[in-house]
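Colleague: sequence plus predicted model, see below.
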Amino acid sequence: MSALLILGILLAVFLVLILWVVGIYNSLVTLRNRFKNAFAQIDVQLKRRYDLIPNLVETAKGYLKHERETLEAVIKARNIALAASQSAAANPADANAIKGLGAAETGLAGALSRLMVVAEQYPDLKANQNMMQLTEELTSTENKVAFARQAYNDSVMTYNTARETFPNVIFAGTFGFGPAELFKIEDAAERNAPQVKFT
């Protein structure tokens, strides 16, 4: 009878341990899915911005005939950022893809800022209704990207904290829960959304 009791106790302890490990696994899955969903919200806003940029360049093209290099730089930076966004959207848990997107977004923000500085020198372009509407939409989208990025970074921080705390850290690597990367703009001068407002 005592051997059966010991076996029952060991089985109960083993079952509790299994349920505890399953709970850790499920909580990490939940947190990973949250930051992936948060990235999807960034992706929606980035796609909107990527769609606006060619229209902005096309509108400016007629006025900025001597600024071809600036316009081409914006389109090139937009295409690089779009490719990086698609790579990151395919797997938001890939730290290298998120870093690549951050670098591409830094380049795009710089190119857009240069375009806006050049556009300021052309009063007819500044007064163009289509240009004003596009820049207003772009500014609005930039703000939405910033809010979505903050929500994503908050979700990543929660996930990384959960996977790095004890006892989760014991199982996180075994179950394939690697660290997630924050989505940050590398150049401090480019951290703010480019000002695209015409007055």
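Modeller: Cool, got the structure.

Colleague: the chain: helices as residue ranges?
Modeller: Ranges of helices in the chain, per DSSP state H, are 2-61, 68-90, 95-119, 123-127, 129-164, 168-172.

Colleague: of these, which is nearest residue 184?
Modeller: Closest approach to residue 184 among the helices of the chain (Cβ to Cβ): helix 95-119, 5.5 Å. Backbone N, C-alpha and C define where each C-beta goes, glycine included.

Colleague: reformat the helices of the chain as a markdown table; add distance to residue 179, mean neighbour count and mean pLDDT.
Modeller: Written out in a markdown table, the entries for the helices of the chain read as follows (distance: least, Cβ to Cβ, whole Å; neighbours: other Cβ atoms under 10 Å; pLDDT from 0 to 100):
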| stretch | distance to residue 179 | mean neighbour count | mean pLDDT |
| --- | --- | --- | --- |
| helix 2-61 | 11 | 15 | 93 |
| helix 68-90 | 15 | 17 | 94 |
| helix 95-119 | 7 | 20 | 92 |
| helix 123-127 | 45 | 13 | 82 |
| helix 129-164 | 6 | 17 | 93 |
| helix 168-172 | 9 | 15 | 92 |
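
Colleague: with distance to residue 183 as added columns, please give these in JSON lines.
Modeller: Compiled in JSON lines, those are given as follows (distance: least, Cβ to Cβ, whole Å):
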{"stretch": "helix 2-61", "distance to residue 183": "7"}
{"stretch": "helix 68-90", "distance to residue 183": "8"}
{"stretch": "helix 95-119", "distance to residue 183": "6"}
{"stretch": "helix 123-127", "distance to residue 183": "32"}
{"stretch": "helix 129-164", "distance to residue 183": "5"}
{"stretch": "helix 168-172", "distance to residue 183": "21"}
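
Colleague: any idea which of those gets closest to residue 182?
Modeller: Counting by Cβ to Cβ, residue 182 lies closest to helix 129-164 out of the helices of the chain; the figure is 5.0 Å.
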